[in-house]
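Colleague: Have a look at this fold, sequence not included:
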């Protein structure tokens, strides 16, 4: 064992002579114990300071923080899709005449008193209005099927649009498509196919529409009048009940649009997803957080209530609608309990895995309003060539009064043609981390890449020494045995020679002859 430690000590001392790491040569070449102890303390203290800095840098790197870079670019842009919905989903008179369930709902709402069928008390309060709106939403799918079969219970393009221009040119019904939303009924979408391109900014080069609301035919529980608009990309499904902008009658609403392209970093820098398409039981299409949430919500409703909610998209082979399955009142209570964020039945954030998409194209909107129409302005329909077949157009005064209560003007345009590109980039990369580590190890220990290679060489020498120590020890032991044997043999030869000399001396002494001289090389 003494030989092993002696050899190991030699390896370390030899390393201290040729390493470029500061401090280590001072330890190996110190000529007394106290000087060696001093340099050991210095090296250990510097190593501790380096490890402290290393931990700080490692935590900074593992935080995976990001920088957001904003770049302004200028180019012509495809005009966004504009989805316009009436705030009153269904025409009261037509719906009451053509749908028995809606007729009972409207009649019960207009009757001062409680309703056991629809679940409200005798008070005319917000709870009554909320319950009526929920029942209408439960009936929405059946009502939409009636619209598709030709019943005029929802608002068509001709029911809503008085005039339309885009880029100062007339647009008409062929430039719009119908879009169904459970909350707002039949909506109209402009530029769904992306055929309109904008190269100039300002109201004159956008979409300008005069819309009518016909408040006399509103459902009695509809709280607000006007339209709701969603501005979105061509591949996005609109959700006006979440992302819509109101435009009330009697106003001109100006919506300045700015295009924004956002690119986020995924794991480990963020929790966004690169998923482009959402494929679930109840929804298949472009991935959005809202679509993911609604699909997850529908799945929960089907599981808990045994039927699907018509307010959300659903698979074609789903179970029955909560409107027709079992007791609709019980189903509505079940749906309301799941939708209610104050209950513990369902937490949409924790139970639905719906991260933000990493790449998003969106529009920021600036809204401003003014009164419509102005006192001195006479709308076209109210002029001398007015159509007297419509009651509100009989006289100019009647027409203007009706316009102020039932029509609105909207302008949607690009505020400017330059657009923002928001890009996330790593705030502290692996290259920065390695560079800082190199600076700290050089500051505290005076090491470089060469020093690291030297330490690797030391570890190799130590491993080689430990691996071959036993074989070298056996060789040394065999050599010692050979030396001992040779020594024993030499001693034996010397003893024999001495004995021979003594025998000769005795022989000549007995004969009286002189003893022969001893050779010079005799032992």
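Modeller: The structure has been received and is ready for your questions. Predicted model, so just to flag it, every value in this text is computed and none were measured.
Colleague: Just the buried residues of stretch 192-209, please?
Modeller: Using 16 or more other CB atoms under 10 Å as the test for burial, stretch 192-209 gives 196, 198, 201, 203, 205-209. C-betas here are computed from N, CA, C, even on glycine.
Colleague: Run through who's touching the helix or strand encompassing residue 242.
Modeller: In this assignment (DSSP states H and E), residue 242 forms part of helix 240-243. With CB atoms under 8 Å, 6 or more residues apart in numbering as the test, helix 240-243 has contacts from 83, 85, 181, 183-184, 187, 228-230, 232, 290.
Colleague: can we see that at 10 Å?
Modeller: 83-85, 87, 137, 179, 181-184, 187, 227-232, 236, 246, 290, 293-294, 311, 362, 365 (CB atoms under 10 Å, 6 or more residues apart in numbering).
Colleague: With stretch 119-130 instead?
Modeller: In contact with stretch 119-130 (CB under 10 Å, 6+ apart) are residues 108-109, 111-115, 118, 131-132, 134-135, 220-223, 329, 332-333, 336.
Colleague: just to revisit the earlier point, please pick the buried ones from the contacts of helix 240-243.
Modeller: Buried among the contacts of helix 240-243 by 16+ other CB under 10 Å: 83-85, 87, 137, 179, 181-184, 187, 227-232, 236, 246, 293-294, 311, 362, 365.
Colleague: Could you pull out the buried residues of the helix or strand residue 95 falls within?
Modeller: Assigned by DSSP H and E, residue 95 belongs to helix 92-98. Within helix 92-98, the residues scored as buried using 16+ other CB under 10 Å are 92, 94-96, 98.
Colleague: what would these look like in JSON lines with pLDDT and distance to residue 173?
Modeller: Shown next, in JSON lines, are these (pLDDT from 0 to 100; distance: CB to CB, whole Å):
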{"residue": "92", "pLDDT": "93", "distance to residue 173": "24"}
{"residue": "94", "pLDDT": "93", "distance to residue 173": "20"}
{"residue": "95", "pLDDT": "93", "distance to residue 173": "23"}
{"residue": "96", "pLDDT": "92", "distance to residue 173": "27"}
{"residue": "98", "pLDDT": "92", "distance to residue 173": "24"}
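Colleague: for the buried residues of stretch 192-209, which one is nearest residue 261?
Modeller: Among the buried residues of stretch 192-209, residue 198 lies closest to residue 261 (CB to CB), at 15.9 Å.
Colleague: Rebuild the buried residues of helix 92-98 as a markdown table, extending it with distance to residue 260.
Modeller: Listed next are the buried residues of helix 92-98 as a markdown table, based on distance: CB to CB, whole Å:
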| residue | distance to residue 260 |
| --- | --- |
| 92 | 40 |
| 94 | 41 |
| 95 | 40 |
| 96 | 44 |
| 98 | 44 |
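Colleague: which one of those residues is nearest residue 172?
Modeller: Closest to residue 172, out of all of these and judged by CB to CB, is residue 94, at 24.4 Å.
Colleague: The residue nearest to residue 184 when sequence neighbours are not counted bridge partners, please.
Modeller: Among residues not flanking residue 184 along the chain, residue 85 sits closest, at 3.6 Å (CB to CB, 6 or more residues apart in numbering). When bridges are called by DSSP bridges, residue 85 pairs up with residue 228.
Colleague: Residue 85 reaches residue 213, doesn't it?
Modeller: No. Using CB atoms under 10 Å, residue 85 is not in contact with residue 213, being 11.6 Å away.
Colleague: looking at this, residue 72 is in a strand?
Modeller: Yes. Applying DSSP: H, G, I helix; E, B strand; the rest coil, one finds residue 72 inside a strand.
Colleague: any idea how far residue 58 is from it?
Modeller: Per CB to CB, to the nearest Å, residue 72 is found 37 Å from residue 58.
Colleague: Ok, residue 291 next?
Modeller: With distances taken as CB to CB, residue 291 is found 39 Å from residue 58.
Colleague: neighbour count winner among those two?
Modeller: Neighbour count, other CB atoms under 10 Å: between residue 291 and residue 58, residue 291 has more, with 22 against 12.
Colleague: and the more buried one, what element?
Modeller: helix 289-305.
Colleague: related to what we said a few turns ago, list residues touching both of residue 85 and residue 213?
Modeller: With CB under 10 Å, 6+ apart as the test, residue 85 and residue 213 both reach 155, 160, 227.
Colleague: May I have the phi/psi pair for the residue nearest the centre of the chain?
Modeller: The residue lying closest to the centre of the chain (CA atoms, centre = their mean) is residue 272, at 1.5 Å. Main-chain dihedrals, residue 272, degrees, to the nearest 10: phi -70, psi 160.
Colleague: Who are the contact partners of it?
Modeller: Going by CB under 10 Å, 6+ apart, residue 272 touches 262-266, 355-360, 424.
Colleague: related to what we said a few turns ago, which one among the shared contacts of residue 85 and residue 213 gets closest to residue 307?
Modeller: Taking CB to CB as the measure, residue 155 is the one of the shared contacts of residue 85 and residue 213 closest to residue 307, at 28.3 Å.
Colleague: residues near the closest residue to that closest one other than its chain neighbours, how many?
Modeller: Leaving aside its sequence neighbours, residue 155 sits nearest to residue 86 (CB to CB, 6+ apart; 4.6 Å). Using other CB under 10 Å, the number of residues around residue 86 comes to 26.
Colleague: didn't residue 161 look like it was pressed against residue 207?
Modeller: No. Using CB under 10 Å, residue 161 makes no contact with residue 207, being 11.4 Å away.
Colleague: which neighbours do the two share?
Modeller: Common neighbours of residue 161 and residue 207 (CB under 10 Å, 6+ apart) are 84, 171.
Colleague: Pretty sure residue 177 sits in a helix.
Modeller: No. Residue 177: not assigned to a helix; according to three-state DSSP it is strand.
Colleague: does it really touch residue 190, like I thought?
Modeller: Yes. Assessed by CB under 10 Å, residue 177 is found in contact with residue 190 at 8.6 Å.
Colleague: intersection of neighbour lists for these two?
Modeller: Among the neighbours of residue 177, those also in contact with residue 190 (CB under 10 Å, 6+ apart) are 81, 83.
Colleague: Compare those two (neighbour count), which wins?
Modeller: Using other CB under 10 Å as the criterion, residue 177 and residue 190 rank with residue 190 on top: 21 against 16.
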